[in-house]
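Colleague: after the sequence you'll find the predicted model.
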Amino acid sequence: MFLNRFLCNLYFFALTAATLVTAAGAAEFAAPAAASISFNLFRNGTHIGTIQENFEIKDGVYRATSEAKAIGLFALAQRHPVLYTSTGDSTKDGLRPVRFEGRRNNTLAIAEFDWKSDKLTMNYDGQVQTAPLSHATQDRLSIMYHLMHLVQSKPRTIEFNMTTARKLDRYRYDVNADVTVDTPLKRLNTLHLVKRREQGDTQTEIWLAPEFHNLPVKVLNIEENGVRYEQVVTRLEFKL
């Protein structure tokens, strides 16, 4: 089922119109203190689902949740929501995950980050493996909020390790400034991130909007067979 495959292999995150609220004590790396985001998913231009995201930083601890639902005929193939949760610390160096959990149908994926022992434990559908835990490793949900930190110094490339709880990989993106993109909100000036691909990789591109704390406003994924997935923002509310 292509919706299952998409939701399992790619995390998309986006935003739209924002209400800015100034509050005493901003997040440690200028992230919003809280955000609620809704967006649509498209496959080759067809609307196949919706996702609701929530993010919060409180007392130096962050929590992010994602609930994806298929719509229309696609709901026949994916009857239950796909759920992701990431929790951990918010530090001067960005987010530091402690636990990631994903639920898709009857499959449970868990990643536990032991920073004291530099050990990552991945449990995917009962299959457990461990790996060395390097600095700033992220999970599939936390990374989209951690990007705000990675682009603060206006780099030309960014690199990071990320786990899906099934595997741990290293990613490198080229960063191009001053790229405009149309969104339901308006035409935005963005940072355009393009993944450096190895043979057999999917094509992934992310557009971050400096106007909105460098959160993604568009994400594109093109699989090796040419199937095109896009994430389109529909709503965002956040406070600082």
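Modeller: Received it, and whenever you're ready, just let me know what you need.
Colleague: and the residue nearest the centre of the chain?
Modeller: The centroid of the chain falls nearest to residue 144 when counting by C-alpha atoms, centre = their mean (3.4 Å).
Colleague: is it correct that that one falls within a helix?
Modeller: Yes - applying DSSP: H, G, I helix; E, B strand; the rest coil, one finds residue 144 inside a helix.
Colleague: I'd like the numbering to begin with 12 instead of 1 from here.
Modeller: With 12 as the first residue, the last one maps to residue 155.
Colleague: wait, it sits on residue 227?
Modeller: Yes - in this structure, residue 155 is within contact of residue 227 by C-beta atoms under 8 Å, at 6.2 Å. Glycine gets a C-beta too; all of them are placed from N, C-alpha and C.
Colleague: thinking again about what came up before, can you tell me how far the residue nearest to the centre of the chain is from residue 219?
Modeller: The spacing between residue 155 and residue 219, counted by C-beta to C-beta, to the nearest Å, is 10 Å.
Colleague: touching both of the two, which residues are there?
Modeller: Counting by C-beta atoms under 8 Å, 6 or more residues apart in numbering, the shared contacts of residue 155 and residue 219 are 226, 227.
Colleague: ok, the residue nearest to the centre of the chain to residue 42 distance?
Modeller: 11 Å.
Colleague: repeat for residue 60
Modeller: From residue 60 to residue 42 the distance is 26 Å (C-beta to C-beta).
Colleague: gap between the nearest residue in space to residue 203 that is not next to it in sequence and residue 200?
Modeller: The spatial neighbour of residue 203 that comes closest, neighbours along the chain excluded (C-beta to C-beta, 6 or more residues apart in numbering), is residue 190 at 3.9 Å. Look at residue 190 and residue 200: by C-beta to C-beta, they are 8 Å apart.
Colleague: and what of residue 67?
Modeller: 28 Å.
Colleague: for the lengthiest strand in the chain, packing partners?
Modeller: Assignment by DSSP state E gives strand 179-193 as the longest strand of the chain. Judged by 3 or more C-beta pairs under 8 Å, 6 or more residues apart in numbering; DSSP states H and E, strand 179-193 is in contact with strand 168-174, strand 198-206, strand 214-220.
Colleague: quick one: buried residues of it?
Modeller: Under the neighbour-count criterion of 16 or more other C-beta atoms under 10 Å, strand 179-193 has 179, 182, 184, 186 buried.
Colleague: same check on stretch 54-72?
Modeller: 54, 59, 60, 61, 62, 64, 66, 67, 68.
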